[in-house]
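Participant: Okay, sequence plus prediction incoming.
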Amino acid sequence: MPTFRQAIPADLPQIMDVVHQAQAFMATLGIDQWQDGYPSAEIIAEDIRVGRAYVFDDGGRIASIAVLTAEPEPVYETIDGAWHTAAPYLTIHRMALGDAHRHCGLAGEILKNAVDMARSMHLSAVRADTHRGNAAMRRFLEKSGFQPCGIVAYPGTGGDPLRAAYDLAL
């Protein structure tokens, strides 16, 4: 099983390979999320620099990335719907799996580690959002116990700026 750890600067090229694979995969599904160059190497490098990027390392090969942060997400302050949980919470952003690591349980392991991290920080919930058209991710979140909460908007993003928002009470 790959090892979950905090990303380091040397991981950036492999992380970007994983991101590009995820972008191509979403394009095959007709999802316009991440089709405008987001997330860029600069964004991921900043995530690494501030210590919020985590990877699964499969023997020196990066299998996935997820950004886990306990910082409040400004976009989550306005929701068309309602959160089931109150702050403080951990947010999962920029979660991506490499092609070779899809359908092997790694996404569930990312969520397990996010939940464990949130509990260790004494947070009350884990929150995530995804493109409204990303049916696979939406099913995965719901199967993992996350509840749909409504819609949040990321203005200035390419494509559809609306995202389906989810939370998991701890």
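Facilitator: Okay, I see it.
Participant: Can you give me the end-to-end span of stretch 99-106?
Facilitator: 12 Å (C-alpha to C-alpha, to the nearest Å).
Participant: what comes into contact with that stretch?
Facilitator: Residues outside stretch 99-106 that contact it (C-beta atoms under 8 Å, 6 or more residues apart in numbering): 2, 21, 25, 56, 58, 63-64, 97. For glycine as for every other residue, the C-beta is placed from the backbone atoms N, C-alpha and C.
Participant: In strands, which of those fall?
Facilitator: Among the contacts of stretch 99-106, the members falling in strands are 56, 58, 63-64, 97 (criterion: DSSP state E).
Participant: where does the closest residue to G30 other than its chain neighbours land on pLDDT?
Facilitator: Spatial nearest neighbour of G30, chain neighbours left out: G133 (7.1 Å); criterion: C-beta to C-beta, 6 or more residues apart in numbering. Note for G133: predicted pLDDT of 88.
Participant: With E46 instead?
Facilitator: pLDDT for E46: 97.
Participant: What is the three-state secondary structure of it?
Facilitator: Put simply, E46 is helix when judged by DSSP: H, G, I helix; E, B strand; the rest coil.
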